[in-house]
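**Student:** kindly generate the corresponding structure for this input.
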Amino acid sequence: MRYLALLGSHERHGITAGYLQAVLDGLPDSAEVETVFLRDYDIYPDTKEKACPALDEIEAKMAASDFWIICAPTYWGGMPGVMKQFFDCMRFRLVRMTSKADTLPGKYKDKHYLSMTTCFISSADNFFTGITDQTFVTIDRVLTGAGLIKVGEFVGTGTWGTHAPRENKLAECRHLSQKIADRPRKDDNTLKRYILLFFMIAIMALITMGLQAWWFGVFAAGKFWLTYASFVIIFYVLLASILHFFTFVRHRRR
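**Tutor:** Just a heads-up that it's a prediction; the model follows:
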């Protein structure tokens, strides 16, 4: 397996780079690993007259790799300009555009990626404020749009006032190394999602009917409309709550 790490930080050997290196160090000895420090490259958009040489060089490394690790700190609630500039300039190399300006996965479809970021605030603050959310959302929007499959993500919190990675976060990095090692070239989680959805609905229906029986005693003759109305309301509240949790609250990284 060939792994390519794209580091979009301001410092080559900062805390963010330290967490990235911990992931790379945990990969099998047989793994081929390369790190691209984006600030080393003069990145600018391609033109009709001339392609950007830096993009040509980086893209060749991306094409030759099976797995990408995208690593950038979070500043002002988003990724640094060097990483955003790279994504912007790579747009037409990553996706195909239709006549209606729709984007379709390009030649990198079914590769895998891991996203990593860091931030100053604590894990608890990040959980409730979601300061790193936009960084991950941007990475995911770009790479899933290109057809890549996400394997995991990492956030190193509490970097303010420190000069080295935290040991508990380094342990997370080592765990991620094991997770991404020897990933298959293609995988499909569709069946898994359908199974999870089935059990979510089954459990919610069980809770709903249990609450109906406990609170209202509605399973008696002549109470059909009360049964129906209470079921709809309770089921709606439960479903809305679980969707909110997975869309917003669960999205908060610790």
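
**Student:** which SSE is the closest residue to K107 other than its chain neighbours in?
**Tutor:** Nearest residue to K107 in three dimensions, chain neighbours excluded: A63, at 7.5 Å (C-beta to C-beta, 6 or more residues apart in numbering). The way it works is simple: take the backbone N, C-alpha and C, and place the C-beta from them, glycine included. A63 belongs to helix 53-64 when assigned by DSSP states H and E.

**Student:** how far out from the middle of the chain is that helix?
**Tutor:** Counting by C-alpha atoms, centre = their mean, to the nearest Å, helix 53-64 is centred 23 Å from the centre of its parent chain.

**Student:** what's the next secondary structure element after that helix?
**Tutor:** Following helix 53-64 in sequence, per DSSP H and E, is strand 67-71.

**Student:** what's opposite E153 in the beta bridge?
**Tutor:** Under the criterion DSSP bridges, E153 forms beta bridges with S115.

**Student:** how near is it to I233?
**Tutor:** Distance, E153 to I233, by C-beta to C-beta, to the nearest Å: 36 Å.

**Student:** now swap in Q21 and tell me
**Tutor:** Using C-beta to C-beta, Q21 is found at 52 Å from I233.

**Student:** and stretch 67-87, which residues are buried?
**Tutor:** 67-75, 78-80, 82-87 (16 or more other C-beta atoms under 10 Å).

**Student:** what's the span of that stretch from first residue to last?
**Tutor:** Terminal residues of stretch 67-87 lie 17 Å apart, using C-alpha to C-alpha, to the nearest Å.

**Student:** please compute how far that stretch lies from its chain's middle.
**Tutor:** Relative to its parent chain, stretch 67-87 has a centroid offset of 12 Å by C-alpha atoms, centre = their mean.

**Student:** repeat for stretch 201-221
**Tutor:** Here stretch 201-221 shows a centroid-to-chain-centroid distance of 37 Å under the convention C-alpha atoms, centre = their mean.

**Student:** what's that stretch in contact with?
**Tutor:** For stretch 201-221, the surrounding residues in contact (C-beta atoms under 8 Å, 6 or more residues apart in numbering) are K223, L226, T227, S230, F231, I234, F235, L238, L239, I242.

**Student:** torsion angles phi and psi at the fourth one?
**Tutor:** This means S230. Here is the backbone geometry of S230 (degrees, to the nearest 10): phi -70, psi -40.

**Student:** ok, now how distant is it from W214?
**Tutor:** As for S230, its distance to W214 is 11 Å (criterion: C-beta to C-beta).
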